[in-house]
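Trainee: here is my input; please provide its structure:
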Amino acid sequence: MANTTGGLLVYGVVEDRKTGKAEGMRSVDISDATQRRLRSLAMTRIHPPVLGLEILPLASADGQTDLLVVFVPQSPDAPHVIGQQDHLGIPYRYGSQTTWMRERDLERAYAARFTRRRDEHARLVDMELARDALPHPATG
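Mentor: Coordinates of the predicted model:
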């Protein structure tokens with residue numbers, strides 16, 4: 001999701017495999033230990049790490065169903081690679097499906113990252129030039 005527009009992962013939602021639509025809920029472990037494990041997996045298996053990842057436990061009012069929601073922001077550092085050692089892949093989320101980037105997709109993703117960084121740098125330079133062009137109050 002960080003390789004595209006970001007999104008939400010909701011652990012505990014049962015999905016119809018054919019349609020990708022939610023068909024129910026089942027309670028999941030929302031303990032601090034589970035949340036720490038998810039954060040650890042994200043930090044050690046996603047390269048570069050996705051900054052701004054948030055994990056939110058949700059409990060139903062009746063206490064019967066616990067869900068875990070993971071907010072994945074759109075990342076300026078995309079593309080992100082997942083895996084470890086020699087088993088790596090670059091996932092790309094499209095609706096309810098996850099596909100894998102091909103070489104030309106990866107080329108476009110890196111080009112977009114470098115363009116964003118170049119544009120951000122140019123904006124900072126423009127801001128510095130504009131600031132330096134402002135009249136300075138008299139000192140004395």
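Trainee: domain parsing for this structure?
Mentor: The chain breaks down into these domains under automatic domain parsing: 7-101, 104-133.
Trainee: among those domains, which is the most enclosed?
Mentor: domain 7-101 (a mean of 13; mean count of other Cβ atoms under 10 Å). All C-beta spots, glycine's among them, are computed from the backbone N, C-alpha and C.
Trainee: pLDDT averaged over it - what is it?
Mentor: For domain 7-101, the mean pLDDT works out to 87.
Trainee: what is the end-to-end distance of it?
Mentor: Terminal residues of domain 7-101 lie 18 Å apart, using Cα to Cα, to the nearest Å.
Trainee: strands of the chain, start to end?
Mentor: For the chain, applying DSSP state E gives strands covering 7-11, 13-15, 22-25, 46-47, 54-59, 66-72, 81-84, 87-89, 91-94, 97-100.
Trainee: ok, which of those strands comes nearest Pro137?
Mentor: Pro137 lies closest to strand 54-59 among the strands of the chain, at 43.0 Å (Cβ to Cβ).
Trainee: my read: Gln74 touches Val50, true?
Mentor: No - with contact defined as Cβ atoms under 8 Å, Gln74 does not count as touching Val50 (9.6 Å).
Trainee: list residues touching both of those two?
Mentor: Ala2 (Cβ atoms under 8 Å, 6 or more residues apart in numbering).
Trainee: before we move on, back to that, kindly reformat the strands of the chain as TSV containing distance to Ser40.
Mentor: Listed next are the strands of the chain as TSV, based on distance: least, Cβ to Cβ, whole Å:
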stretch	distance to Ser40
strand 7-11	16
strand 13-15	23
strand 22-25	26
strand 46-47	11
strand 54-59	11
strand 66-72	13
strand 81-84	12
strand 87-89	18
strand 91-94	19
strand 97-100	21
